[in-house]
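Undergrad: fold the following for me, if possible:
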Amino acid sequence: MSADEITTVAVCRTCRPEGTPADAEPPGAALAKAVAKAALGLGVVEVRAIACQSACSRACSATVAAPGKFSYVIGNLSPDDAADVVAFAVAHAASADGVPPWRSRPERVRKNTIARVPPPGAEHPLVEPVETPVGD
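TA: Numbering: from 1, shown residues only. A predicted model of the protein is given here:
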């Protein structure tokens, strides 16, 4: 399997939703471990941890991305959501453009997607040019 066929899940390991005790393990770190465990042996999902995704108001967060495909930022996650994150990552990996059908996405992912980002230079029905008005 080539690197282009791998979907990477990057989990914010420092995410600490409001009210989390300062001396407790950050829930983001627990989420990263849970996602890694759920992805074991799948072969199409790589899990990474990142120090911060700057989505603190929607903690815990994760991104799902692959070369040449749309990327997603998902928030309001907990370690209990690891299986849903991995299920979405598998669907993302199977999708040619990184846009799995809406109904095939786990509900937790559908309801907590913060952003869908096109790959640079994307030629896709979801992406259209913006004409610059002349004389404005």
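Undergrad: quick one: the helices in this protein?
TA: Taking DSSP state H as the test, the helices found in the chain are 27-39, 82-94, 107-111.
Undergrad: need the contact partners of the second one.
TA: Right, the one you point to is helix 82-94. 5-7, 9, 11, 31, 34-35, 37-39, 42, 44-45, 62, 64, 66, 69, 72, 74, 77, 98, 100, 104-109 (Cβ atoms under 8 Å, 6 or more residues apart in numbering). (C-beta placed from N, C-alpha, C; glycine too.)
Undergrad: next one: the last one
TA: By Cβ under 8 Å, 6+ apart, the list of residues contacting helix 107-111 from outside reads 72, 74, 77, 81, 84, 85, 87, 88, 102.
Undergrad: closest one of these to residue 56?
TA: Using Cβ to Cβ, the shortest approach to residue 56 within these belongs to residue 77, at 13.1 Å.
Undergrad: hmm, the closest one is touching residue 62, no?
TA: Yes - the pair residue 77 and residue 62 passes the contact test of Cβ atoms under 8 Å, sitting 6.1 Å apart.
Undergrad: hey, what's in contact with both of those two?
TA: Between them, residue 77 and residue 62 share the contacting residues 31, 85, judged by Cβ under 8 Å, 6+ apart.
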